[in-house]
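Quick one, what's the 3D model for this:
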Amino acid sequence: MNASEFVFGWELQGRGEPAAKDIVLGVIMFVLCFFLVLLGSLNIYIVRKVEAFHNAFGWFWIARTCAEITSNAVHVLYSAPVTIFQPKNIPLFLGFGALVVGGGGGTSSCILHQAVSANRFIAVYKPLQYKFIFSKANCLKIIAACVMPVPFGLILTFVIPCNMVGFSPAMYGYSFVSCEPNYYRNYSVVGSVLNKFCLTVCSFTLFFDAATLWKIVHIKLMNEVKTENKQLSRDIRFFMQASLQNVTMVITTVFIALSDQKYSMDDEVERILAFYMMLLAHLGNSFSLILFNPEVRRFLFTKKVSDSGSSTTTNASVPNVRCKRTTSHS
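Numbers count the residues shown, from 1 in each chain. Modelled structure (predicted):
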């Protein structure tokens, strides 16, 4: 691009006329993210209502789910619409804001996986100290320690010259914003470092999970008593739930890291896969709460049945009472 043709932030603009592919990918993004916002909100409601999650695991789950809802809400309100309609003359602050809020939510969610994994690790290794280590105050500190560094890291993309990143409707994801024509690189160094940092943090969860699994197997083998340990069974379910999420998140961050510096048309498939893999990881995270926990399924699917049954019984008993009263008076 010549210097006379260069317009700062052109990467964050749409094509002007949407193609069929733009509409299809944008609609998929909108529908999926809208569903994820609803499903994430349901997760928060479940954790608040089901007593089994009134603990540190519940705190971390709510924090991570809120981060995911924030990220997906940005896609519903901004990323998906601009992908569908491909408008030009989009204010640059919207594209940059999509990264700070949406990308920040996704990164915070990734880091909070480490807190969930560490929580399961300590639950099986230090069960007696668990409540002390994960007191409410400590949980809030851990959540803050996971979330607060993210905005500062993203701000560096604006502070350090030629490292800006924003959402690109034409690229279907976050894109580097060049600061001058024919710049020698087409990626953000700060953004690449943040992506690799997130991959490293997520990878550490697998080591925690491996150690947790070994301890669970050890306890099972050493425990000769055949009576069921409800707390251990719950720890195992929580571990399986967190472990599945960690594996999917690591796979997702690998895709993101591999597509990090690829902005040509030949690399379009990799970029699209990386972006939508994150959405699918969020989908798996939200569904796992229902999949692995019978308490949740009972809460969602049996409460209304029992309530309607009790109301039917009550209503059915009313005519009998009236009949008896009528008979006695006669």
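
Please determine how far the nearest residue to D267 once chain neighbours are set aside is located from M278.
Of all residues not flanking D267 in the chain, S259 sits nearest, at 6.6 Å (CB to CB, 6 or more residues apart in numbering). Just so you know, the C-beta spots here come from the backbone N, C-alpha and C atoms, and that holds for glycine as well. S259 is 11 Å from M278, where distance means CB to CB, to the nearest Å.

quick one, what contacts the nearest residue to F255 once chain neighbours are set aside?
Closest residue to F255 apart from its sequence neighbours, by CB to CB, 6+ apart: A274 at 4.2 Å. Residues near A274 by CB atoms under 8 Å, 6 or more residues apart in numbering: 173, 252, 255-256, 258-259.

before we move on, what about F35?
Each residue near F35 by CB under 8 Å, 6+ apart is listed here: L283.

The one 5 residues further on now?
Counting by CB under 8 Å, 6+ apart, G40 makes contact with 65-66, 68-69, 72, 282, 286.

Including distance to V189, could those go into CSV?
Formatted as CSV, the contacts of G40 follow (distance: CB to CB, whole Å):
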residue, distance to V189
T65, 31
C66, 30
E68, 27
I69, 30
N72, 28
H282, 27
S286, 33
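
which residues of the protein fall in strands?
Here the chain has its strands, by DSSP state E, at 165-168, 173-176.

Name every strand pairing with the first one and say which way it goes.
In this case it means strand 165-168. Sheet pairing here is set by DSSP bridges, and for strand 165-168 it gives strand 173-176 (antiparallel).

Skipping its backbone neighbours, what lies nearest S71 in space?
Counting by CB to CB, 6+ apart, G105 is the residue found nearest to S71 once chain neighbours are left out, at 3.3 Å.

Can you give me the neighbour number for the one you found?
24 (other CB atoms under 10 Å).

so what's it up against?
By CB under 8 Å, 6+ apart, the contact set of G105 is 67-72, 74.

does N186 really touch C179, like I thought?
No. Judged on CB atoms under 8 Å, N186 makes no contact with C179 at a distance of 11.5 Å.

Which residue in the contacts of G40 has the weakest pLDDT?
For the contacts of G40, the model is least confident at S286; its pLDDT is 88.

Distance of that residue relative to I111?
For S286 relative to I111 (CB to CB), the value is 18 Å.

Pick out whichever of the two has more residues nearby.
Shown here are S286 and I111; by other CB under 10 Å, S286 has more neighbours (25 against 20).

Now that one: closest residue in space that isn't a chain neighbour?
The shortest distance from S286 to any non-neighbouring residue, by CB to CB, 6+ apart, is to L39 (4.3 Å).

Report pLDDT for the closest residue to V124 other than its chain neighbours.
The shortest distance from V124 to any non-neighbouring residue, by CB to CB, 6+ apart, is to K215 (4.6 Å). In this model, K215 is scored at 86, pLDDT.

okay but K215 is in contact with Y125, surely?
Yes. In this structure, K215 is within contact of Y125 by CB under 8 Å, at 5.9 Å.

Spatially central, which residue of the chain would that be?
The geometric centre of the chain, computed from its C-alpha atoms, lies nearest to E68 (CA atoms, centre = their mean), at 3.6 Å.

And the helices in the chain, which stretches?
20-49, 56-74, 80-85, 92-97, 104-125, 130-133, 136-147, 149-159, 189-222, 230-258, 268-291, 294-301, 303-329 (DSSP state H).

quick one: the fifth one to chain centroid distance?
Offset of helix 104-125 from its chain centre (CA atoms, centre = their mean, to the nearest Å): 12 Å.

Equivalent analysis for the second one, please.
Taking CA atoms, centre = their mean, one finds helix 56-74 lying 6 Å from the centre of the chain it belongs to.

For that helix, which helices and strands make contact with it?
helix 20-49, helix 104-125, helix 136-147, helix 268-291 (3 or more CB pairs under 8 Å, 6 or more residues apart in numbering; DSSP states H and E).

Of all the ones you listed, which one comes closest to F85?
Closest to F85 of those, according to CB to CB: helix 20-49, at 7.8 Å.

about what we covered before: so the residue nearest to S286 makes contact with F287?
Yes. Between L39 and F287 there is a contact under CB under 8 Å: 7.3 Å.

Find me the pLDDT at S264, would you?
pLDDT, S264: 63.

Who has more neighbours out of L39 and F287?
Between L39 and F287, counting by other CB under 10 Å, L39 is the more crowded of the two (20 against 13).
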